[in-house]
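**Q** pasting the structure only:
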């Protein structure tokens, strides 16, 4: 590859390409292609009008590396089992689709059996097809905003077109399409849960992020969501995935007031803290994507200890 690849700081540590010690190791290798997006999502450090540093995506740095430097330690880490998935984040530029396809080919050649995800804007089904044909296991088409009325304001994109692409792709490639939602962009919990439920009906895997204000973005002064609200949405997303229908939710002025869960297995998993672990693609734990080391995680990158699970459930204010 002629262009250098962005490699997340945690991935560099996993590959042994930095001396920095990480408290929680990622299980997915994250790569990024492109720089300075053509779109203007107000929360994103890569937005075209953002003044954030070029190596940032959310609060994470993605230093640039040459493929020749990455390839050998990547293969070794896959063979050892340290890397269980690879993910390519596509920053939308005129050249980034071609760059991402080239990187996907290199990753697939290096690790034929490894699950590989590609995350890119939901612009067209035909573009998603290019990546499936090249060997992607999953394609992520992030909706990001859980509120229809806020979508155009936050992302400056068309809500209906984005959902249409996700819906058509999910029907063409069942169980291989993923999306992300960012909690805390101004939506209500009810709006977010209803959006997540629509994805569940389509067979689309949902990953949750907590909004993280980043300096230089259009939303740098907006605070992150309250942990109590995030915990409720995490529980809501988890029970939806577990088969609980929308009519089992009780909302009060947009807030989740109660969820009726009768399945003992689901109740046991809630009390074990499973809803509070990182969600989305398998083996993607994304440590410290939403908070600094030492802070209470929004998404735990590992199984929770019993006291942590109790604390998270108490934070939610929901009773099961």
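**A** On my side now, so go ahead. Just so we're clear, the structure is a prediction, and the values are computed from it rather than from any experiment.
**Q** just the helices in the stretch 51-200 of the chain please.
**A** 67-80, 96-110, 125-134, 148-155, 159-172, 189-202 (DSSP state H, counting those that start in this stretch).
**Q** format these as CSV; extra columns: mean neighbour count.
**A** Any C-beta I mention is one placed from the backbone N, CA and C, and that applies to glycine too. Listed next are the helices of the stretch 51-200 of the chain as CSV, based on neighbours: other C-beta atoms under 10 Å:
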stretch, mean neighbour count
helix 67-80, 16
helix 96-110, 19
helix 125-134, 17
helix 148-155, 16
helix 159-172, 17
helix 189-202, 20
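**Q** can you add distance to residue 317 and mean pLDDT and give those back as TSV?
**A** As requested, the helices of the stretch 51-200 of the chain are exported to TSV (distance: least, C-beta to C-beta, whole Å; pLDDT from 0 to 100):
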stretch	distance to residue 317	mean pLDDT
helix 67-80	41	96
helix 96-110	42	97
helix 125-134	39	98
helix 148-155	24	95
helix 159-172	30	97
helix 189-202	11	98
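**Q** for those helices, give me a markdown table that also has distance to residue 22.
**A** Shown next, in a markdown table, are the helices of the stretch 51-200 of the chain (distance: least, C-beta to C-beta, whole Å):
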| stretch | distance to residue 22 |
| --- | --- |
| helix 67-80 | 14 |
| helix 96-110 | 22 |
| helix 125-134 | 29 |
| helix 148-155 | 31 |
| helix 159-172 | 33 |
| helix 189-202 | 30 |
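**Q** among the ones you listed, which comes closest to residue 213?
**A** Closest approach to residue 213 among the helices of the stretch 51-200 of the chain (C-beta to C-beta): helix 148-155, 13.3 Å.
**Q** run the chain-centre distance for that closest one.
**A** Distance, stretch centre to chain centre, for helix 148-155: 19 Å (C-alpha atoms, centre = their mean, to the nearest Å).
**Q** what comes into contact with it?
**A** Residues outside helix 148-155 that contact it (C-beta atoms under 8 Å, 6 or more residues apart in numbering): 39-43, 144-145, 157-159, 162, 185-187, 191, 219.
**Q** got the angle between that helix and helix 159-172?
**A** 100 degrees (axes from the mean of the first three to the mean of the last three C-alpha atoms, to 10 degrees).
**Q** and the angle from helix 148-155 to helix 189-202?
**A** Here helix 148-155 runs at an angle of 90 degrees relative to helix 189-202 (the same axes, to 10 degrees).
**Q** just grab the bridge partners of residue 180 for me.
**A** residue 207 (DSSP bridges).
**Q** isn't it up against residue 162?
**A** No - with contact defined as C-beta atoms under 8 Å, residue 180 does not count as touching residue 162 (11.9 Å).
**Q** joint contacts of those two?
**A** residue 143.
**Q** residues near the closest residue to residue 120 other than its chain neighbours, how many?
**A** Nearest non-adjacent residue to residue 120, counting by C-beta to C-beta, 6 or more residues apart in numbering: residue 90, 3.9 Å away. As a burial measure, residue 90 scores 24 neighbours (other C-beta atoms under 10 Å).
**Q** residue 33 is in contact with residue 90, correct?
**A** Yes - counting by C-beta under 8 Å, residue 90 touches residue 33, with 6.0 Å between them.
**Q** which neighbours do the two share?
**A** Shared contacts of residue 90 and residue 33, defined by C-beta under 8 Å, 6+ apart, comprise 96, 100.
**Q** and residue 52, what does it touch?
**A** Contact partners of residue 52, counting by C-beta under 8 Å, 6+ apart, are 45-46, 214-217.
**Q** returning to what we had before: so what's the residue nearest to residue 120 up against?
**A** Shown in contact with residue 90 (C-beta under 8 Å, 6+ apart): 32-34, 96-97, 100, 118-121.
**Q** repeat the analysis, applying 10 Å as the threshold.
**A** By C-beta atoms under 10 Å, 6 or more residues apart in numbering, the contact set of residue 90 is 31-34, 37, 96-97, 99-101, 103-104, 118-121, 127, 131, 140.
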